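Engineer: next comes the sequence, and after it the predicted model I'd like to discuss.
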Amino acid sequence: MIDARPATGADLAVIAALYRELAAEMDALRPLWSEAEGLAAPLEDSLRVALSGPPWWGYVGTLDAVPLAFLLARDEPLLPPHADTLVAAIRFVFTLAEARQVGLGEAMITAFMRDAATRGIGLFDAHVSPGHREAKNFFESNGFTARSITMHRGNR
């Protein structure tokens with residue numbers, strides 16, 4: 001059975017392990033992803049903050065009660081002149097490769113968006129790295145569309 005539930009501090013170790021899998025996958029796709037877009041080190045400290053509640057949201061996706069996926073999102077203000085409006089921005093969503101295509105991601109997004117609506121949030125963003133076609137397709141299949149592309153240049 002597929003399920004999604006809010007994450008708690010008790011999920012820290014499993015989310016840390018899943019996050020490390022995400023980081024390895026993303027670093028292979030985009031070198032330095034962990035440094036540029038990942039959580040700050042030490043990882044467990046960053047996850048403790050993310051699992052402590054607003055402005056963060058955390059979810060675990062399970063298959064037959066085994067956690068195989070996670071989602072972390074954060075409430076962020078829109079840019080002026082709408083800075084008083086919050087958007088819930090999905091920062092990380094990950095499912096182990098062998099558990100993809102069974103509905104864990106969809107279950108987490110559905111639970112997350114339902115819970116955000118109870119707090120009056122109806123705007124959602126998802127951060128997708130350029131070239132990550134699988135993630136882009138996943139979000140588009142869940143009703144997301146691109147509204148901006150952020151370009152970046154470093155001088156290292």
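Structural biologist: Happy to help now that I have it.
Engineer: and the longest helix belonging to the chain, what's buried?
Structural biologist: Scanning the chain for the helix with the most residues, using DSSP state H, yields helix 12-29. Within helix 12-29, the residues that qualify as buried by neighbour count (16 or more other Cβ atoms under 10 Å) are 12, 14-16, 18-19, 22-23, 26. To be clear about C-beta, it is placed using only N, CA and C from the backbone, and glycine gets the same treatment.
Engineer: pick the one among the residues you listed closest to residue 53.
Structural biologist: residue 12 (13.8 Å; Cβ to Cβ).
Engineer: the closest one against residue 45, yeah?
Structural biologist: No: taking contacts as Cβ atoms under 8 Å, residue 12 lies outside contact range of residue 45: 10.2 Å.
Engineer: show me the contacts for the residue nearest the centre of the chain.
Structural biologist: When Cα atoms, centre = their mean is applied to the chain, the residue found nearest the centroid is residue 92 (2.3 Å). Counting by Cβ atoms under 8 Å, 6 or more residues apart in numbering, residue 92 makes contact with 19, 22, 39, 70-72, 127.
Engineer: how close does residue 73 sit to residue 99?
Structural biologist: 20 Å (Cβ to Cβ, to the nearest Å).
Engineer: so which of these two has more stuff around it?
Structural biologist: Higher neighbour count among residue 73 and residue 99: residue 73, with 28 against 18, using other Cβ atoms under 10 Å.
Engineer: so is that one in a helix, a strand, or just coil?
Structural biologist: Assigned by DSSP: H, G, I helix; E, B strand; the rest coil, the conformation of residue 73 is strand.
Engineer: identify the bridge partners of it.
Structural biologist: Bridge pairing for residue 73 (DSSP bridges) gives the partners residue 57, residue 90.
Engineer: ok, now residue 63?
Structural biologist: Bridge pairing for residue 63 - DSSP bridges - gives residue 2, residue 66.
Engineer: okay, now it: neighbour count?
Structural biologist: 18.
Engineer: in contact with it, which residues?
Structural biologist: 1-2, 99, 102, 104.
Engineer: out of the residues you listed, who's the most crowded?
Structural biologist: residue 104 (27 neighbours).
Engineer: ok, and the closest non-adjacent residue to it?
Structural biologist: Here the nearest residue to residue 104 in space, its sequence neighbours aside, is residue 61; by Cβ to Cβ, 6 or more residues apart in numbering that works out to 3.5 Å.
Engineer: having no further points to raise, I will conclude here.
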